[in-house]
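Chemist: here is my input, please return the structure:
(one chain, ligands or ions: 1)
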Amino acid sequence: MLSKSEDQLQNLFSLLVPHKKNLIAGGICIFIYVGCWPILAALAGVLIPAIGTGDLSNVIIIIFKALVIFLIQKTAQLGQDILLAEPALSISQDLRQILFKKLQKIKLDSLEKLSSGDIIYRLTEDADRIGEIIYKTIQDTMPSSLQLIAVFGYMIYLDLYLSLATILLAPIVVFMVSKFGEKVMIAAEKSQKQVSGLAGLLGEAIQGLPLVRSFAAEDWLEKRFEKEVILHRKARYQTLKLLAYQHPVVGFIEATGILTVLAIGAARIQSGGLNSSSFSSYVAALLMLIDPISHLTTNFNEIKQGQASLKRLVAIDSEPRESSDKINAKSINEPKGELIIRDLSFSYDNNINVLNKLNLNIQPGKLTALVGPSGAGKSTIFSLILRFNIPNKGDILMDGINLTQLKAKEIRSIIAIVPQRTSVFSGTIKETILFGRKATNSDLIKSAKIANAHDFIMKLPNGYNTIIEERGTNISGGQLQRLAIARAVLGNPSILLLDEATSSLDAESEEAVQKGLQQAMKGRTVVVIAHRLVTVQEADMIYVLEKGEVSDHGNHDELIRKEGKYRELCEKQLIRQLKP
Ligand code: ADP
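Modeler: Predicted coordinates for the structure are as follows:
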């Protein structure tokens, strides 16, 4: 079943419902605006003969009437533009918000596969394009279509035969327009994909610029960029070329049509079927058709281009979502912090088991370490404990309750994670630790003290109000890690997941971080992906993981006595530590 927001994405116009009042008032303005056209055509029909006969006073009266009608029409147009602008523009804003919400729900491993530049492009350019098209549709396509109907209705009223001739030409125009529209859409889709590729590469390039420089790979990156730019230009050129062809072709058909109508009109006057005044009105009305037809042609192409954008936006919809909470989810009132993992098997989308019949017994208040070579499945266990993913087989029980029975938000309030690489949003230190949660100042300071961060924060020029720049570039790696610890302990989680940093900090920072961690671990269940010997030695239980299976478990003393993987890992680390 589609959720409300998905429905809205499928049916963009439902987003306009809250703006009913503006739409109705704008609609009335459109009717007034359109209704003026036939009146003006009728006035042209009497004006031209009056000019011909030199009846100046009559000419002035007709011109005066025309001025009044023009005034009414232009006022209605102003009303229409102003009244309809707001609802139309609010759509791209709503669209962006709906999509951003969706983004928050996409499974993390699927999200990682999407390039951030591509997503940014979809949420900015594509959403803007759709907003613009909706704006044009209500503010331009609709009045133009109505103008076409009203003026043509008036032309039929003036002379049916002449109108039949006109209408015979219309399908040719429509056919040409739609054929071109199709081609333009294909070209536009290709070119948008290319822009997206360009944005993706730019995103990667900005992130990886230090790496590129350190490998002196600037030339390689420039070449790659140049290739993308050329591909983009070619795709764009294709679209522009098609558009360039379209105007002369459609224009020529229009001119042929008008000249044919003039010829038939002359014949109709000759045969006495039409008088010259009606013919003047007819020609004036015919000229009034050119403008809406040309608007509709352009808008039709833009709509086609917009469809490509919409397709790309809706594609975000098809990305797999995180599993949702059960309707009658259970709750844990006083979490103890026990985690039991039973016969757990898990594979990502490729059906190869990353974890295989895994059993872990994580006792409350104890320190459990996961060790093992890279790729053994340690991070995957964390992602399952946080319910970012759901096991294919087996269960994870928190205080005896299956994680699938609990709300994801509750799980993530009981469990906090200190990741290997801390990422922060730009903002103040206080905002970074709070991370959207409410807490008293004393709780905030308490968390910072536990994390061994309070002292360094107080030494900063604005204390807790010091602004951390994007990606935390104005504070050190060790300080950033201590902020991550403070952020994790602020909600007083019962379970702490630690992914130990492998990149070495300098000895002093390392000691400060270690002190923060030790304090944060007190009184909590801690599961640590351990790389350091100290952590491992202190652990109450160590699970040695190999290829998604527990190959051994026990405490340090027990495991080191065996000739196993654990001893091998410790020896390797010792050798590394002993190396100067
Ligand atoms: P560790 O943390 O022990 O290094 P991981 O849990 O990160 O191991 O990875 C275990 C295995 O799962 C690896 O083979 C890795 O390539 C694979 N893997 C990790 N994340 C994904 C993902 N999002 N999609 C597919 N395979 C993945």
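
Chemist: wait, is Asn328 part of a strand?
Modeler: No: assessed with DSSP: H, G, I helix; E, B strand; the rest coil, Asn328 is coil; it does not lie in a strand.

Chemist: may I see the buried residues of stretch 236-253?
Modeler: Using 16 or more other CB atoms under 10 Å as the test for burial, stretch 236-253 gives 236, 238-239, 242-243, 246, 250, 253. Every C-beta, even on glycine, is put in place using the N, C-alpha and C of the backbone.

Chemist: same question for stretch 314-328.
Modeler: 316-317, 322, 325.

Chemist: that one: how far from the chain's middle?
Modeler: 15 Å (CA atoms, centre = their mean, to the nearest Å).

Chemist: and for stretch 533-547?
Modeler: 41 Å.

Chemist: anything in it near the ligand?
Modeler: No: for stretch 533-547, no contact with the ligand is found by CB under 6 Å from any ligand atom; the gap never falls below 6.6 Å.

Chemist: okay, the buried residues of stretch 236-253 in a markdown table with pLDDT next?
Modeler: Shown next, in a markdown table, are the buried residues of stretch 236-253 (pLDDT from 0 to 100):
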| residue | pLDDT |
| --- | --- |
| Arg236 | 80 |
| Gln238 | 78 |
| Thr239 | 77 |
| Leu242 | 74 |
| Leu243 | 76 |
| Gln246 | 70 |
| Val250 | 68 |
| Ile253 | 70 |
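
Chemist: secondary structure class for the residue nearest to Thr432 when sequence neighbours are not counted?
Modeler: Nearest residue to Thr432, sequence neighbours excluded (CB to CB, 6 or more residues apart in numbering): Val424, at 5.1 Å. What three-state DSSP gives for Val424 is coil.

Chemist: Val424 against Leu483, yeah?
Modeler: Yes: applying CB atoms under 8 Å as the test, Val424 and Leu483 come out as touching, 6.9 Å apart.

Chemist: what parts of this structure come near the ligand?
Modeler: 109, 348, 354, 372, 374-380.

Chemist: which one of those is nearest Ser92?
Modeler: Of all those, Ser92 sits closest to Asp109, with 29.6 Å by CB to CB.

Chemist: tell me the secondary structure at the residue nearest the centre of the chain.
Modeler: With distances taken as CA atoms, centre = their mean, Leu123 lies nearest the centre of the chain, 3.7 Å away. Using three-state DSSP, the structure places Leu123 in helix.

Chemist: can you tell me how far it is from Leu202?
Modeler: 15 Å (CB to CB, to the nearest Å).

Chemist: over to Leu545?
Modeler: Taking CB to CB, one finds Leu545 at 38 Å from Leu202.

Chemist: of the two, which one has the most company?
Modeler: Taking other CB atoms under 10 Å, Leu545 and Leu202 do not tie; Leu545 has more neighbours (25 against 16).

Chemist: got a list of what the more buried one touches?
Modeler: Neighbouring residues of Leu545 by CB atoms under 8 Å, 6 or more residues apart in numbering: 370-372, 376-378, 551.

Chemist: now the buried members of these.
Modeler: Judged by 16+ other CB under 10 Å, buried ones among these: 370-372, 376-378.

Chemist: what is the subsequent helix or strand relative to the helix or strand where Val261 lies?
Modeler: Assessed by DSSP states H and E, Val261 sits inside helix 218-270. Counting by DSSP H and E, the next helix or strand C-terminal to helix 218-270 is helix 276-317.

Chemist: the lowest-mean-pLDDT helix or strand in the chain: what's the following helix or strand?
Modeler: Every helix and strand of the chain was ranked by mean pLDDT, DSSP states H and E. The lowest is helix 4-10, at a mean of 51. Using DSSP H and E, the helix or strand that follows helix 4-10 towards the C-terminus is helix 20-53.

Chemist: in that following helix, which residues are buried?
Modeler: Of the residues in helix 20-53, those buried (16+ other CB under 10 Å) are 22-23, 26-27, 29-30, 33-48, 50.

Chemist: stretch 123-138 now?
Modeler: By neighbour count with 16+ other CB under 10 Å, stretch 123-138 contains the buried residues 123, 125-127, 129-138.

Chemist: next, format those as CSV and append distance to Gln192, secondary structure and pLDDT.
Modeler: Formatted as CSV, the buried residues of stretch 123-138 follow (distance: CB to CB, whole Å; DSSP: H, G, I helix; E, B strand; the rest coil; pLDDT from 0 to 100):
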residue, distance to Gln192, secondary structure, pLDDT
Leu123, 14, helix, 83
Glu125, 8, helix, 84
Asp126, 7, helix, 86
Ala127, 13, helix, 83
Arg129, 9, helix, 84
Ile130, 12, helix, 84
Gly131, 15, helix, 81
Glu132, 14, helix, 83
Ile133, 14, helix, 84
Ile134, 18, helix, 82
Tyr135, 19, helix, 81
Lys136, 18, helix, 84
Thr137, 19, helix, 84
Ile138, 23, helix, 82
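
Chemist: tabulate the CA atom coordinates of stretch 243-258 in PDB.
Modeler: Below are the C-alpha coordinates for stretch 243-258, written out as PDB (Å, rounded to 0.1, in the frame of the first residue of the first chain):
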ATOM      1  CA  LEU A 243      14.600  22.300 -30.100                       C
ATOM      2  CA  ALA A 244      16.100  24.400 -32.900                       C
ATOM      3  CA  TYR A 245      14.600  22.200 -35.500                       C
ATOM      4  CA  GLN A 246      11.200  22.300 -33.900                       C
ATOM      5  CA  HIS A 247      10.600  26.000 -34.100                       C
ATOM      6  CA  PRO A 248      11.100  26.500 -37.800                       C
ATOM      7  CA  VAL A 249       9.100  23.300 -38.700                       C
ATOM      8  CA  VAL A 250       6.200  24.100 -36.500                       C
ATOM      9  CA  GLY A 251       6.400  27.800 -37.600                       C
ATOM     10  CA  PHE A 252       6.300  26.800 -41.300                       C
ATOM     11  CA  ILE A 253       3.200  24.600 -40.700                       C
ATOM     12  CA  GLU A 254       1.500  27.500 -38.900                       C
ATOM     13  CA  ALA A 255       2.300  29.900 -41.700                       C
ATOM     14  CA  THR A 256       1.000  27.500 -44.400                       C
ATOM     15  CA  GLY A 257      -2.100  27.000 -42.300                       C
ATOM     16  CA  ILE A 258      -2.800  30.700 -42.000                       C
END
